[in-house]
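Student: Provided below are the primary sequence and the corresponding predicted coordinates.
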Amino acid sequence: MLKYLKDLPPQLLKVIESAKLVSSQLRCRSYLVGGFVRDLILGRKNFDLDITVEADGMDFANLLALYLKAKVIHYHRFSTATVVTPEGFKIDIATTRKESYPQPALLPYVEKGDIKDDLARRDFTINALAIGIYPEREERIIDFFGGYNDILRKKIRILHDKSFIDDPTRILRAIRFEQRFNFRIERHTLRLIKEAVSLKMFEKLSIPRLKDEFILLLKEDNIIKIIKRVEELIKWDNLIPLVILTKRKIKFLNSIKRTIGWYKREFPHKRHLDEWLMYLIGLLDGLDKIHIDYFLNKFSLRKGETKRIMSYITRGKELIDKLKKKIKPSIIYRYLEPLSYEVILLLKAKSKEKNLNKNIDKFFKVYNNVRLNISGRDLKKLGITEGPCYQVILNKLLYAKLDRGLNTKEEEMRFIKNIIGR
């Protein structure tokens, strides 16, 4: 067995063995390809397999799913499929193909090809590796373009000179991989990036393609270095008009990163954050509303994402001014409870005011967890007619509980009886 495969989980090795059996049964050549092979060589965990076959990928996927007693999802438009095993492993399966670009920055024309064609259409040499999983070439690394040596030398190298012209999103991918693996973009590839940027290739991209790659970029771990590298190689205003990476903006982005770290340490069981959205807001911070609206209309983000961006942009300064004062717990709660966690944490990252940070800390640690001991059922028992007044009464009770520390159900009931009496 190839040394790189030995440390994989037994369930994943079973998947690969099953793929070999399918390959033999269908008498076709099949290959592990792409990021899985790259990460295997780098010793990085990646349990999502990509398999490409010199045959009908859909037939291969159907038979593999039978072997593994797995679920198969077909994508007829692309002639690809995903097999999902009972253990949760995902195997993406496609037919080997070659691509040609009718015009720069447009989607490619696709037709069937062999494994060399399939690897040649990849972005970088480090992603153009394969491992044969059929008898004649079993478990040997296939490397037509020197990707194995580039991994050893820690180089990001493009496959052909028109690659960034054909698909400018590969520039963003080059930066992602460079920073993720602590590699360096080699000299010739750097020159080709600069040429593509000077030709304003990003302006020719469709927005959905740019948006998807843009969000993936902001989801990377080494985000601050990535943001700086984008500025160095592309300039942010080529991606978002009028965004300039000033020292002040970098300071804010670093503060966002520290604040996210604080949240994760203090509240490991609270809900997951959309961190990429927070960094996007950090980049947009300081733009006027007209340009924010232009960006949002152009990128067509989801409704919830747009709402959070506008919540911070339109109310951030006002809320910071209010929260930096000494105010009652109920007031803090009323300001922060309607906001998303992302927006609240952005307020904390933006301001170093002692009171504001104290108020936000208290909200997360105490006020956000306060729950009433009584409900509408208790109000009904007191003879209060059901209606909008229930919400008014329960809100008054919650604010009193925050400010006065009502701890027991009896104390809450006394407070409500007091309200009724008045």
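Tutor: That came through, no problem.
Student: who touches Lys289 in this structure?
Tutor: Taking C-beta atoms under 8 Å, 6 or more residues apart in numbering, we find Lys289 in contact with 313-314. Where C-beta positions appear, they are placed from N, C-alpha and C, glycine not excepted.
Student: meant to ask about Lys45, not that
Tutor: With C-beta under 8 Å, 6+ apart, Lys45 has these contacts: Asp39.
Student: just the helices in the stretch 201-350 of the chain please.
Tutor: Ranges of helices within the stretch 201-350 of the chain are 207-218, 223-233, 247-266, 275-284, 289-299, 303-323, 329-336, 341-350, based on DSSP state H, counting those that start in this stretch.
Student: Which pLDDT value belongs to Glu186?
Tutor: Listed pLDDT for Glu186 reads 97.
Student: I'd like the distance between it and Arg377.
Tutor: In this view, Glu186 and Arg377 are 69 Å apart by C-beta to C-beta, to the nearest Å.
Student: what's the following helix or strand after the helix or strand where Glu178 lies?
Tutor: Element membership for Glu178 (DSSP states H and E) is helix 169-181. Counting by DSSP H and E, the next helix or strand C-terminal to helix 169-181 is strand 184-185.
Student: what domains does the record give for the chain?
Tutor: 3-150, 154-239, 240-369, 376-421 (automatic domain parsing).
Student: quick one: average pLDDT of the first one?
Tutor: The predicted model assigns domain 3-150 a mean pLDDT of 87.
Student: And it, end to end?
Tutor: Terminal residues of domain 3-150 lie 19 Å apart, using C-alpha to C-alpha, to the nearest Å.
Student: Check the third one too.
Tutor: From the first residue to the last, domain 240-369 extends over 38 Å; the measure is C-alpha to C-alpha.
Student: ranges for the strands of the protein?
Tutor: Here the chain has its strands, by DSSP state E, at 30-33, 49-53, 71-75, 80-84, 90-95, 97-100, 109-112, 130-132, 141-142, 155-156, 184-185.
Student: With distance to Pro241 as extra columns, can I get the ones you listed in a markdown table?
Tutor: Formatted as a markdown table, the strands of the chain follow (distance: least, C-beta to C-beta, whole Å):
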| stretch | distance to Pro241 |
| --- | --- |
| strand 30-33 | 37 |
| strand 49-53 | 36 |
| strand 71-75 | 35 |
| strand 80-84 | 36 |
| strand 90-95 | 36 |
| strand 97-100 | 31 |
| strand 109-112 | 31 |
| strand 130-132 | 41 |
| strand 141-142 | 44 |
| strand 155-156 | 28 |
| strand 184-185 | 25 |
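Student: any chance of those strands in TSV, with distance to Ser340 and mean neighbour count too?
Tutor: Output for the strands of the chain, formatted as TSV (distance: least, C-beta to C-beta, whole Å; neighbours: other C-beta atoms under 10 Å):
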stretch	distance to Ser340	mean neighbour count
strand 30-33	39	26
strand 49-53	35	24
strand 71-75	32	14
strand 80-84	31	20
strand 90-95	30	22
strand 97-100	40	16
strand 109-112	40	12
strand 130-132	43	24
strand 141-142	46	18
strand 155-156	36	22
strand 184-185	36	18
